[in-house]
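Chemist: what follows is a predicted structure for the sequence shown.
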Amino acid sequence: MTRVFGSRKKFLTLIVTALFVSLFAILPASASVPPNYVSNGSFEVGNFNGWTVTGNAFTVTNDTDWGWGGPFNHVGTYHVWGYKNAGDDATGTLKSTTFYSYWGKLYVDFLIGGGNDIDNLYVALINNETGEELYRATGENSETYRRVIWPIPYGVQFYFKVVDNKTGGWGHINVDDFHGPGETIVP
């Protein structure tokens, strides 16, 4: 009887070990795996730490309203207001750190406000490995934020890219509260 139990125990140990090995075989080596969250996604350090910035279109601010109509409804203390320093004629880009969808929910989400121009004023989700743009969202000609939620596939590296190539009326974009799959607020 003991001999049979010992064989079953060895068999179960072998099966469990094989499952763990196969799980970790599909993940890249831990040294090369980016986090599953967006670094400084809510800009709560009060600057663009963790983001690559070009141009002069973006300002991290703690302003709570835009002064002529109401609150932004941002999350936390800081957010990015595209109009703050240079108005509607400034242009530029923001690029988040790379994050990976290996753990957590298979969604990303963020807040967006500002002008409506899907070709020149938008947030995109980019596949870091192929350069393919998976999604794009723009504002609704309102400073008030709205939440955007996108499903993502498992096992892919991504980054967010915020683009402001628009000048003139509503030529700015506002963003805040970016979440990767490891921290998304989506239920």
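Modeler: On my side now, so go ahead.

Chemist: point out where this structure drops to low pLDDT.
Modeler: Applying pLDDT under 70 to the chain picks out residues 1-33, 184-187.

Chemist: which one's the longest strand in it?
Modeler: When the chain is parsed with DSSP state E, its longest strand is strand 142-151.

Chemist: and that one, what does it pack against?
Modeler: Strand 142-151 sits against strand 107-114, strand 133-137, strand 173-179, with contacts defined as 3 or more C-beta pairs under 8 Å, 6 or more residues apart in numbering; DSSP states H and E. Placement of C-beta: from N, CA and C, glycine included.

Chemist: deepest-packed of the ones you listed, please.
Modeler: Highest mean neighbour count among the helices and strands packed on strand 142-151 (mean count of other C-beta atoms under 10 Å): strand 173-179, with a mean of 25.

Chemist: and that strand, which strands flank it?
Modeler: If you go by DSSP bridges, strand 173-179 pairs up with strand 79-81 (antiparallel), strand 107-114 (antiparallel).

Chemist: dump those into CSV; add distance to Gly70 as well.
Modeler: Converted to CSV, these look like this (distance: least, C-beta to C-beta, whole Å):
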stretch, distance to Gly70
strand 79-81, 14
strand 107-114, 11
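
Chemist: all helices in this protein, in order from the N-terminus.
Modeler: In the chain, the helices defined using DSSP state H lie at 2-25.

Chemist: give the buried residues for the longest strand of the chain.
Modeler: Ser142, Glu143, Thr144, Tyr145, Val148, Trp150 (16 or more other C-beta atoms under 10 Å).

Chemist: same check, this time on stretch 119-138
Modeler: Result for stretch 119-138 [16+ other C-beta under 10 Å]: buried residues Leu121, Tyr122, Val123, Leu125, Ile126, Leu134, Arg136, Ala137, Thr138.

Chemist: pull the number of nearby residues for Thr54.
Modeler: Residues lying near Thr54 (other C-beta atoms under 10 Å) number 13.

Chemist: same deal with Ile118?
Modeler: Around Ile118 there are 10 residues (other C-beta under 10 Å).

Chemist: the nearest residue to Lys166 once chain neighbours are set aside: what's it in contact with?
Modeler: Distance criterion C-beta to C-beta, 6 or more residues apart in numbering; nearest residue to Lys166, sequence neighbours excluded, is Asn120 at 4.1 Å. The contact partners of Asn120, by C-beta atoms under 8 Å, 6 or more residues apart in numbering, come to Val163, Asp164, Asn165, Lys166.

Chemist: look up phi and psi at the third one.
Modeler: Recorded main-chain torsions at Asn165 are phi -110, psi 20, according to degrees, to the nearest 10.

Chemist: what about the nearest residue to it once chain neighbours are set aside, distance to Glu129?
Modeler: Of all residues not flanking Asn165 in the chain, Asn120 sits nearest, at 4.2 Å (C-beta to C-beta, 6+ apart). Distance, Asn120 to Glu129, by C-beta to C-beta, to the nearest Å: 26 Å.
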